[in-house]
Structures are given as C-alpha cells and as structure tokens.
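1. Give me coordinates for this.
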Amino acid sequence: SASSASQKVNKIVRRGDLAYATIHLDEGSVGVLDCADAGIVSPMYTVFATKPEVDARYLLAALKAPTSLQLYGRLAEGTVNRRASVGYRELAKVFCSLPPISEQRRVVTILALRRKQGKHESVEHGA
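-> All right, here's what the predicted structure looks like:
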C-alpha cells in the first residue's frame, strides 16, 4: 500500500528525539518530539537522540539561539544557498557548553514560564 511504502522512506522519531530539516536549520527548523510516543518525518530530516546527561529541551533551546542560527549558514554544504544542508556530522562538531542536567532542567522550566508570559528566549552559548 502507499502508506506502508511511505513509512519505509520516512524516518521514525521517538519521544525525546530531536529532528531537524537539513536544508532549513538556519531558519530554526528543529524540534523535539514531546507530544507522542513516536512519529514520522520526511527523509529530508535528520533525527537523533541525546545522551542521558543532556536534556533535549535544553539542547533545542540552544540550537534555536540566534548565534546558532547564524552559525548554520557557515556549516551548510551545497551550491545553492537555499538548498545548502547541515548534516549531523557538521552539527555534532558545534560546541555547546552544558551545565549539569539539574541546571538544564531549571533553565528549560524558566524558558517555558517566560514563553507563557509571551517572552520568547533561547539559550545562548559559545560556538
């Protein structure tokens, strides 16, 4: 059937995994699955899980930080700017200082509260 064929090409995302569009990362096209146990994304997405000492929501905030978004343009490979992609190997080389997991969770909680107040912020880091 068409749906089983599409599942073979699409990628499975599990709860807590991050997924990003390799050609639109510089636009902040990255997310973490937290509303279901599993989902499916296009093959154009890269899917990865974090290590236990990394809160995926904290990493998501760092990946969406303005300094990160600027960096992706330099990491992208491709001939046409709009179609240039950032592969996982390039992304994994980006330095992000990580506080202990308890501090990451505290920051995520603060950011969530601020979002509810209408203030959108991210985690800035050194690249």
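
2. so where's this structure shaky on pLDDT?
-> 1-8, 78-83, 119-127 (pLDDT under 70).

3. top helix in it by residue count?
-> helix 101-116 (DSSP state H).

4. ok now that one, how far from the chain's centre?
-> 17 Å (CA atoms, centre = their mean, to the nearest Å).

5. Number the chain from 21, please
-> In the new numbering, first residue 21, that becomes helix 121-136.

6. Touching, Ser49 and Tyr40? I think so.
-> Yes. With contact defined as CB atoms under 8 Å, Ser49 counts as touching Tyr40 (6.1 Å). C-beta coordinates here come from the backbone N, C-alpha and C atoms, glycine included.

7. Settle it for me: which of these two has more neighbours?
-> Between Ser49 and Tyr40, Tyr40 has the larger neighbour count (other CB atoms under 10 Å), namely 23 against 16.

8. before we move on, which element is the more buried one in?
-> strand 38-41 (DSSP states H and E).

9. List the contacts of the helix or strand that comes right after that strand.
-> Next along the chain after strand 38-41, taking DSSP H and E as the criterion, comes strand 50-52. Contacts to strand 50-52, defined as CB atoms under 8 Å, 6 or more residues apart in numbering, come from residues Gly36, Asp37, Leu38, Ala39, Tyr40, Ala41, Ala76, Arg77, Leu79, Leu80, Leu83, Lys84.

10. would you list the residues you listed in CSV and tack on distance to Asn30?
-> Formatted as CSV, the contacts of strand 50-52 follow (distance: CB to CB, whole Å):
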residue, distance to Asn30
Gly36, 19
Asp37, 14
Leu38, 16
Ala39, 11
Tyr40, 15
Ala41, 13
Ala76, 21
Arg77, 24
Leu79, 23
Leu80, 21
Leu83, 22
Lys84, 24
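
11. Closest one of those to Arg125?
-> Ranked by distance to Arg125 (CB to CB), these are led by Arg77 at 8.2 Å.

12. Could you pull up the contacting residues of that closest one?
-> Val52, Asp54, Val128.
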